[in-house]
Each structure stands twice: as structure tokens, then as C-alpha cells.
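# mind folding the following:
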Amino acid sequence: MTNSTHLPVLVAEVIEYLDVQPNQWYLDATLGGGGHAAAILAAGGRVIGIDQDRAAVDRARRWLESLAMPTGAWIVRQGRFAHIEMILLGLGIGPVMGVLFDLGLSSDQLADSERGFSFQLDAPLDMRMDRSLTVTAADLVNGLSQRELTQLFRRLGEVRYAKTVAEAIIERRRAQPIERTLDLAGLIEQLDRRLGGGRSRSKKTHPATQFFQALRMAVNDELGQLEQGLIQAERVLPEDGRLAVIAFHSLEDRVVKNFIRKSEQLKMLNKKVITPSLAETETNPRSRSAKLRAAVKQGRGLLVGGMAALIILAVLQVSFSARVAVTGRQIKSLEDEKASLQQEISQLKHNTSKLSSMARIEQKAVDDLGMVKVGQDIEYLAAPGAELLARN
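Down below sits the predicted model:
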């Protein structure tokens, strides 16, 4: 193919969130048809474009040349996400002010009848974005066990009847290998009808969509490459550098979201994902599942400030804990004193009760027996009436 049919998605939003500045370098890690690269150049930026698909690199180069863009303002190279740092090092460029990932397939790749990405075109079950890779989709379909196929379809395709399709593939390939796209798509479609139809996640999608997606992602190790690409993108960004990622699949979007949230240097710029407008989805139906997330790299000053705040907080927590410990000891001491005083008060009450009883006895002796208190003692002194009784 010589001309690109791919329409880039969320172009205005990408330029806005990358905050493209004149004469600054930006990395388009998924060059594709060159649409986003051209928009960055039009905004005054400079572009290093990479793509693992050699055909995409060649198309983009011809496209950018046809736009008469200044040759010194853009560079294109073939490479995977894991090669980002190596490519920039080889070019002697870095850091870059922004990195863009536009994940998934391009319309050009789907339309290429020799690549095997589409379930609507008869082609070899290839699906390699980088033709230097050795494993094809046909190798997986005809080589994996039923269990392995089931796990692959469930994990990367998120399909409901993965086991049923895996069983059917095993049964079919016993007769002969499944090597063509339409053979596999026809098998899945036949099963879908037998199972009642409408079993795919959306009635708008062909029942083979998620299965082809799972095989493509496995062949190209797309999730593993994405994780490596995000790590390297964070490293090549300077302070205030921007990261923008467009995902078309929930698994990819989850990887991006979790990476940004866990990063100590990246701050999410949009609380909610950016999706295409209704006008864009009507013009380009393939854009309807696109989700854009963007982040900015915080400077070391902010990080140091953040660390200082954490240290201060830790010191305050230690101080508070020490005060709590001292207060706890003081409270224990007061409680011990209180217990001691309560014991003394109880003893005093007991002694007072005894004294009160003795006083009543003494008073009784004086009143009833005529006894007289002399000093501290009670002496029995005979009363006049007692002496008369004794005489009689």
C-alpha cells in the first residue's frame, strides 16, 4: 500500500494535552499513518516517529515528505516500545517534551490483505506487526493446547465462550491445520449461531472480533510492550513533559491508568478519560472506543518538597506518639495515686466508725452506770444510790 487510509483519532485533544511548544521534540511512539505526527509538526513541534511495522514507517515517511514538512523537523525509525531509549540515544536526542502512544491497529493494517489482521479478508493467519517476529497467529492456533487457547481468549479477548471455541479449534485442526483468517472466523461465527447468536459482547461487533484481538495481542506481546514503553517514556520526559496514551481496549487502558497512578513522578491531567465527540465517531466509526489519558511529569523540586512534607509529617507523628506515651504514664501515675487515696479514705471511714462506736459506749456508761471519765479512761465510781443499796 502506498497511501494511508488511516484517520487519526482525538487529534485536537492530543495536541492540547501534549501542550505542543515550538521547536521542541515530541516522540510519536506509534507513527502509523503519520496523522498525529503531522498535527504536531503543524503546531510547531518537532517529531521523532517510531513504529514496529516497517510498512507503516515507509508510508508515514512518504506522507510527511508529500506535506513538504521541513526535513530537519522530523525523523522516522522502525522500532518497538522497548526500543524508545535506544533509538533516542542513537539519534542524540533527549529528553523529549512529550510522548504519544496511539495503541491498537491502524486502518492500513486492517486493509492489508496479506497481514491477517482482519476477519473479513482472506489472508494467512499472520498478525505480526513486526515481520521479524517468528511466531504467527497460525502457530498459536495450531500449536497451543485447549487449556492454553482458553486462557488466551479469556485473558486477552475477555470472551464468554472461550472454552467452547478452543474445543472447536482442537477438533477442527485434527483434520487439518487452520491457516487462513476466513477459516477461523467462519468457525467462530458458526459456533456463535449454534449458541443462539448475539453471544459476543456487543451486537455491533462480529463474533470473531475479540478472538482475533486476543491472538494479535499475544503474537505481538502488546501488553508487555506497553508496560516497557510506559517505563521508558517516563524516563525520557523532563520536568513538565507530557504523556498521552490512546487505548481502544479495556486491558490496555487499565495498564495505562494503573501505571500513572502508581508513578511517583507522573500526575494525571484528566480525572475522566477523554473520548471522541459524536461528530468524530460519525465521521470515523472506528474511533468510538478510543480513550485518551494524559499526564505531566512533576519536577524534582516538587518531589523533594513532597518528601520533605512526608518527613515533617513523620516527625510530627513521632512527637505526637511521644506525647501520648508521656500522657499515658502521667494518667497511670494519677490513677495509682487515686487508688491510694481511696484506700486511705476507706481506712479513715473505718476508724471514724470505730471511734463513733466507742463514743456511744462511753456516753452510755456515764448516763446509765454513773461512770465518770477521768483522763482517757472510764473509771467506775459509785454513785450515791449504789452506796445506799449496798448498806441495805
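# and the helix or strand in which Lys163 is found, which residues are buried?
Secondary structure from DSSP states H and E places Lys163 in helix 162-175. Residues of helix 162-175 classed as buried: 162-166, 168-169, 172 (neighbour count, 16 or more other Cβ atoms under 10 Å). Yep, even glycine has a C-beta here, placed from its N, CA and C like the rest.
# extract the CA atoms of the helix or strand that comes right after that helix and return them as PDB.
Going down the chain from helix 162-175, the next helix or strand is helix 181-194, by DSSP H and E. The C-alpha coordinates for helix 181-194 follow below in PDB (Å, rounded to 0.1, in the frame of the first residue of the first chain):
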ATOM      1  CA  THR A 181      -8.300 -15.900   8.500                       C
ATOM      2  CA  LEU A 182     -11.700 -16.800   7.000                       C
ATOM      3  CA  ASP A 183     -11.400 -20.400   8.200                       C
ATOM      4  CA  LEU A 184     -11.000 -19.300  11.800                       C
ATOM      5  CA  ALA A 185     -13.600 -16.500  11.500                       C
ATOM      6  CA  GLY A 186     -16.100 -18.900   9.900                       C
ATOM      7  CA  LEU A 187     -15.600 -21.500  12.600                       C
ATOM      8  CA  ILE A 188     -16.300 -18.900  15.300                       C
ATOM      9  CA  GLU A 189     -19.300 -17.500  13.500                       C
ATOM     10  CA  GLN A 190     -20.700 -21.000  13.100                       C
ATOM     11  CA  LEU A 191     -20.400 -21.600  16.800                       C
ATOM     12  CA  ASP A 192     -21.900 -18.300  17.600                       C
ATOM     13  CA  ARG A 193     -25.000 -19.100  15.600                       C
ATOM     14  CA  ARG A 194     -25.200 -22.600  17.200                       C
END
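# show me where the stretch 201-350 of the chain has its helices.
209-219, 222-236, 250-262, 278-283, 300-369 (DSSP state H, counting those that start in this stretch).
# what's the answer for the stretch 1-150 of the chain, then?
Using DSSP H, counting those that start in this stretch, the helices of the stretch 1-150 of the chain run over 11-18, 35-42, 54-66, 84-91, 107-111, 137-143, 146-152.
# and the last one, what does it pack onto?
Same thing as helix 146-152. helix 137-143, helix 162-175, helix 209-219 (3 or more Cβ pairs under 8 Å, 6 or more residues apart in numbering; DSSP states H and E).
# and of these, who's closest to His36?
helix 209-219 (21.2 Å; Cβ to Cβ).
# what sits up against that closest one?
With contacts defined as Cβ atoms under 8 Å, 6 or more residues apart in numbering, helix 209-219 is touched by 105, 117-119, 125, 127-128, 133, 135-137, 140-141, 152-153, 155-159, 165, 181, 184-185, 188, 200-201, 222-223, 249, 251.
# how about stretch 108-124?
So stretch 108-124 is in contact with 1, 4-6, 32-33, 53, 55-56, 59, 105, 125-129, 136-138, 179-182, 184-185, 188, 206, 208-209, 212, 216, going by Cβ under 8 Å, 6+ apart.
# what about 7 Å?
Contact with stretch 108-124 is made by 1, 4-6, 33, 53, 56, 59, 105, 125-127, 137-138, 179-182, 185, 206, 208, 212, 216, as judged by Cβ atoms under 7 Å, 6 or more residues apart in numbering.
# likewise stretch 47-55?
25-32, 34, 37, 40-41, 57, 60, 74-80, 87-88, 91, 93, 96, 109, 129-131.
# span of that stretch from start to end?
End-to-end distance of stretch 47-55 (Cα to Cα, to the nearest Å): 19 Å.
# how far away from the center of its chain is that stretch?
28 Å (Cα atoms, centre = their mean, to the nearest Å).
# just list the residues touching the closest residue to Ala295 other than its chain neighbours, thanks.
Nearest residue to Ala295, sequence neighbours excluded (Cβ to Cβ, 6 or more residues apart in numbering): Leu266, at 4.2 Å. Each residue near Leu266 by Cβ under 7 Å, 6+ apart is listed here: 234, 243, 260, 295, 297.
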